[in-house]
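Trainee: Here is a sequence together with a model predicted from it:
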Amino acid sequence: MRKAGKVVAETLNMIERELKPGMTTAELDRLAEEFICSHNAIPGFKGYHGFPATACISIDDEVVHGIPGDRRIVEGQIVSVDLGAIVDGYYGDAARTFAVGEISEEKRRLMDVTLRSLEAGIAQARAGNKLGQVSHAVQEVAEAAGFSVVREMVGHGIGKQMHEDPQIPNFGSPDDGPVLEKGMTLAIEPMVNIGEYKVRQKPDGWTIVTADGSPSAHFENSIAVTDGDPVILTSV
């Protein structure tokens, strides 16, 4: 899982370097697929439940699961890229939200708060804590900043399958959920909106957007639970 996670992290770093106004989301997706395959890994998302691409690429009010295509990326947008890789039968999964050139102060703050909410959730992912402590920490950071966390989409366990138990909401009571145990591997992924938390699905059957059209950001890491600090698996 460390190997798969490293490929995911390196792919996202590459995308951050290459992302620029005028590119299409399909071009970005092709770069991701080529990079993953060149590192002796298999794209984890392509074909998963029929998803047609290597990366989910979601822009501005698109929360998750955006399908790459001929849409051109323009200055001022925020672009969330979520992708996975498989190495020796094990998955890595992570997401980042990137700024395209100069963005509004509100979008910049959204990105910063979403990343901080992920970090707060990961900090609670320790053996002996309840899963609800992870969820509650994410919600607390996002809502303290005046934003909302998406309720319908959740994080998840990860390992030999992309999605395993337990589901990891980004909200809730710290007393909820199972007790975390050493060796658990989790994908924690806050999705935070500037406006209300409600979302809807676009007619393509995949793309999830904010119901009120407000921008959304998405950060995710796969981690391993230990007796001490959690280990981030999707890092370089």
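Mentor: Received it, and whenever you're ready, just let me know what you need.

Trainee: all helices of the chain, in order?
Mentor: Here the chain has its helices, by DSSP state H, at 2-18, 25-38, 105-123, 131-144.

Trainee: can you put the ones you listed in JSON lines and add mean neighbour count and mean pLDDT?
Mentor: Yep, even glycine has a C-beta here, placed from its N, CA and C like the rest. Written out in JSON lines, the entries for the helices of the chain read as follows (neighbours: other Cβ atoms under 10 Å; pLDDT from 0 to 100):
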{"stretch": "helix 2-18", "mean neighbour count": "20", "mean pLDDT": "98"}
{"stretch": "helix 25-38", "mean neighbour count": "19", "mean pLDDT": "98"}
{"stretch": "helix 105-123", "mean neighbour count": "19", "mean pLDDT": "98"}
{"stretch": "helix 131-144", "mean neighbour count": "23", "mean pLDDT": "98"}
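
Trainee: export the ones you listed to TSV and tack on distance to Glu62?
Mentor: Formatted as TSV, the entries for those read as follows, by distance: least, Cβ to Cβ, whole Å:
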stretch	distance to Glu62
helix 2-18	16
helix 25-38	10
helix 105-123	13
helix 131-144	18
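
Trainee: Which one of those helices lies nearest to Thr226?
Mentor: Across these, Thr226 has its closest neighbour in helix 105-123 (11.9 Å, Cβ to Cβ).

Trainee: so what does the closest one touch, helix or strand wise?
Mentor: Based on contacts counted as 3 or more Cβ pairs under 8 Å, 6 or more residues apart in numbering; DSSP states H and E, the elements that helix 105-123 packs against are strand 78-87, strand 90-99, helix 131-144, strand 185-188, strand 191-193, strand 216-218, strand 221-224.
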